[in-house]
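Student: Give me coordinates for this.
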Amino acid sequence: MRLLFVVVLFVVIGCGPGENPSAGLVPAATVAASLTEVRPFEVHIPESVLDDLRTRLQRTRFPDEIVGADWDYGTNLAYQRELIEYWSNEFDWRAQEQLINELDHFKTNIDGLDIHFIHQRSPVEGATPLLISHGWPGSFLEFMKVIGPLTDPVAYGGNAEDAFHVIIPSIPGFGFSDKPSERGYGPAQMADIFAMLMARLGYDRYGAQGGDWGSIITQRIAAEHPDRVIGLHLNFVTVGPPQGVSDPEADIPTAELERMRERQAFWAPEQGYSAIQGTKPQTLGYALNDSPAGQAAWIIDKVHVLCDCPGGHEDKFTKDELLANITLYWVTETTTSASRIYFESRRTPGRGPTYIEVPTGAALFPNEIALPPRKWAEARYNIVRWTEMPRGGHFAALEEPDLYIEDVRAFFAGLR
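Tutor: Residues are numbered from 1 along each chain as shown. Coordinates of the predicted model:
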């Protein structure tokens, strides 16, 4: 972990030729305090950036497509044309900004990076702090539907004792957080940053929740800070067979083994994006950072595959919801920096114990990437709640917010 040290007593600022430097000296204590300051943040993208986006969309050069391809070869051409037309002529980013800015956003500097986060405090005294971590190709926007019910359950027909203070950081390299400029920022380093964020906010004890990369990040926090994390809730459970067991499939229910193998077979041909982002994210970035249509197609392909949507992904997500997230990647120019988490995770050693003692809840949505047997999960985590959802996919909080909220509330109810 790269740490920041103040190695001088004063910093000279704003001194021109012939000026007395002492007039512009700031005490080192003031400089150090500014590095740890938590600053309010408001989202506002310059109009010039949005104008450039519209111009690029209008100049999109679409590829050809095999007759009857549907989605078999990747993002469907007819749908892509429809989406780009809507993005160019109907989508209103300013309306999205207004919704985003109804929440409480902040930034603070940790490890030399400005970290963006939502810190939505509950009106309920004694509410449980809850750190929620997103993944790729997601963002803090995944949780727009659940923040209100989690922070103010009474206003949504729930009970005050289920209230949370919600903290949702943008992973370094994603959204409005700074992009790491050095090698080595993998999930373990990001877990360090999030743990420091919670300490800076004054939360000594808190819950942690995550899916996708957020699952990997939050379980690292739980492993390394079991004295601080009261409970770990995951909607993405990644675990292999227990080590040192001669027959790891013994005593596993047949239905669980069949389900696991079905998911493995489903996912095997869908991992091309991960291989590219895990090996050559910079090469990919030249294309996606230059073409908003390319950025959209890259993300929409994964949304279409990973949602539990027999009638198509717009059964669950509106174009505005989809494009808000895609536009966020575009206007922040984070397609390359966000992809690097795949590269770094393959090269940054993991840390911490092999068994996570923190009480863990697993919410298994049927169209998730992986659905391991419960017995395997219990060899890795202290599983105290195991929920097999009736429907839903990879983007649980956005796709099935009611199921997500219900399970988070139920899990943490016995841990406060």
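Student: I figured Thr360 hits Ile230, correct?
Tutor: No: look at Thr360 against Ile230 with C-beta atoms under 8 Å: they stay out of range, at 11.2 Å. C-beta: built from backbone N, CA, C; applies to glycine.
Student: Specify which residue of these two has the higher count of neighbours.
Tutor: Counted by other C-beta atoms under 10 Å, Thr360 and Ile230 do not tie: Thr360 has more neighbours, with 25 against 19.
Student: Can you show me the helices along the stretch 151-300 of the chain?
Tutor: Remark: helices assigned in the stretch 151-300 of the chain by DSSP state H, counting those that start in this stretch are 187-200, 213-224, 254-267, 272-279, 281-288, 292-306.
Student: Gly312 is nearest to which of those?
Tutor: Comparison of the helices of the stretch 151-300 of the chain against Gly312 by C-beta to C-beta identifies helix 292-306 as nearest, at 7.5 Å.
Student: Please work out the angle formed by the directions of that closest one and helix 254-267.
Tutor: 160 degrees (axes from the mean of the first three to the mean of the last three C-alpha atoms, to 10 degrees).
Student: packing partners for helix 292-306?
Tutor: Packing contacts for helix 292-306, counted by 3 or more C-beta pairs under 8 Å, 6 or more residues apart in numbering; DSSP states H and E, involve helix 47-58, helix 77-89, helix 272-279, helix 281-288, helix 319-332.
Student: Not counting its own residues, what contacts that helix?
Tutor: The contact list for helix 292-306, computed with C-beta atoms under 8 Å, 6 or more residues apart in numbering, reads 53, 56-57, 60, 62, 71, 74-75, 79-80, 83-84, 87, 137, 270, 273, 287-289, 312-313, 317, 322-323, 325-326, 329-330, 335, 367-369, 393-395.
Student: again, only using 7 Å
Tutor: 53, 56-57, 60, 71, 74-75, 80, 83-84, 137, 270, 273, 287-288, 313, 317, 322, 326, 329-330, 335, 367, 393-395 (C-beta atoms under 7 Å, 6 or more residues apart in numbering).
Student: ok, back up a step: and the helices and strands packed on helix 292-306 as TSV, adding mean neighbour count and distance to Arg39?
Tutor: Formatted as TSV, these follow (neighbours: other C-beta atoms under 10 Å; distance: least, C-beta to C-beta, whole Å):
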stretch	mean neighbour count	distance to Arg39
helix 47-58	14	22
helix 77-89	16	31
helix 272-279	15	31
helix 281-288	15	29
helix 319-332	22	18
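Student: Between those, which one is closest to Gln96.
Tutor: helix 319-332 (4.6 Å).
Student: pLDDT score for Ser22?
Tutor: At Ser22, the predicted lDDT confidence score is 41.
Student: for Leu35, same thing?
Tutor: pLDDT, read off for Leu35, is 70.
Student: can you pull the buried residues of whichever strand or helix holds Glu357?
Tutor: Element membership of Glu357 [criterion: DSSP states H and E] is strand 356-364. Neighbour-count burial for strand 356-364 flags 356, 358-364 (criterion: 16 or more other C-beta atoms under 10 Å).
Student: Identify the residues contacting the residue nearest to Thr36 when sequence neighbours are not counted.
Tutor: Closest residue in space to Thr36, ignoring its immediate chain neighbours: Arg200 at 6.5 Å, by C-beta to C-beta, 6 or more residues apart in numbering. Contacts for Arg200 were tallied using C-beta under 7 Å, 6+ apart; they are 36, 38, 108.
Student: got a markdown table for the buried residues of strand 356-364, with distance to Gly157 and pLDDT too?
Tutor: Output for those, formatted as a markdown table (distance: C-beta to C-beta, whole Å; pLDDT from 0 to 100):
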| residue | distance to Gly157 | pLDDT |
| --- | --- | --- |
| Ile356 | 33 | 96 |
| Val358 | 30 | 98 |
| Pro359 | 27 | 98 |
| Thr360 | 28 | 98 |
| Gly361 | 22 | 98 |
| Ala362 | 26 | 98 |
| Ala363 | 21 | 98 |
| Leu364 | 26 | 98 |
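Student: Closest to Phe174 out of those?
Tutor: Ala363 (22.7 Å).
Student: hang on, isn't the closest one packed against Asp407?
Tutor: Yes: checked against C-beta atoms under 7 Å, the pair Ala363 and Asp407 is within contact range at 4.7 Å.
Student: circling back: among the contacts of Arg200, which one lies nearest to Ile193?
Tutor: Nearest member of these to Ile193, counting by C-beta to C-beta, is Thr108, at 10.1 Å.
Student: So what angle separates the directions of the host helix or strand of that closest one and helix 187-200?
Tutor: In this assignment (DSSP H and E), Thr108 forms part of strand 105-110. Angle, strand 105-110 to helix 187-200, by the same axes, to 10 degrees: 110 degrees.
Student: contacting residues around the helix or strand just after strand 105-110?
Tutor: The helix or strand immediately downstream of strand 105-110 is strand 113-120, counting by DSSP H and E. Here strand 113-120 makes contact (C-beta under 7 Å, 6+ apart) with 41, 103-108, 140, 147, 151, 166-170, 172, 175-178, 180, 193, 197, 201.
Student: How are the strands of the stretch 101-250 of the chain distributed by residue range?
Tutor: If DSSP state E, counting those that start in this stretch is used as the criterion, the strands of the stretch 101-250 of the chain fall at 105-110, 113-120, 128-133, 164-169, 206-210, 229-234.
Student: what residue lies at the spatial centre of this protein?
Tutor: His134 (1.6 Å; C-alpha atoms, centre = their mean).
Student: quick one, phi/psi of that one?
Tutor: The phi/psi pair for His134 (degrees, to the nearest 10) reads phi -90, psi -170.
Student: Residue numbering should commence at 46 henceforth.
Tutor: Yes, from this point I'll number from 46; that puts the last item at His179.
Student: That one against Glu187, yeah?
Tutor: Yes: using C-beta under 7 Å, His179 is in contact with Glu187, at 5.5 Å.
Student: what's near enough to touch Val290?
Tutor: Residues counted as contacts of Val290 (C-beta under 7 Å, 6+ apart): none.
Student: same question, Leu98
Tutor: Residues near Leu98 by C-beta under 7 Å, 6+ apart: 337, 375.
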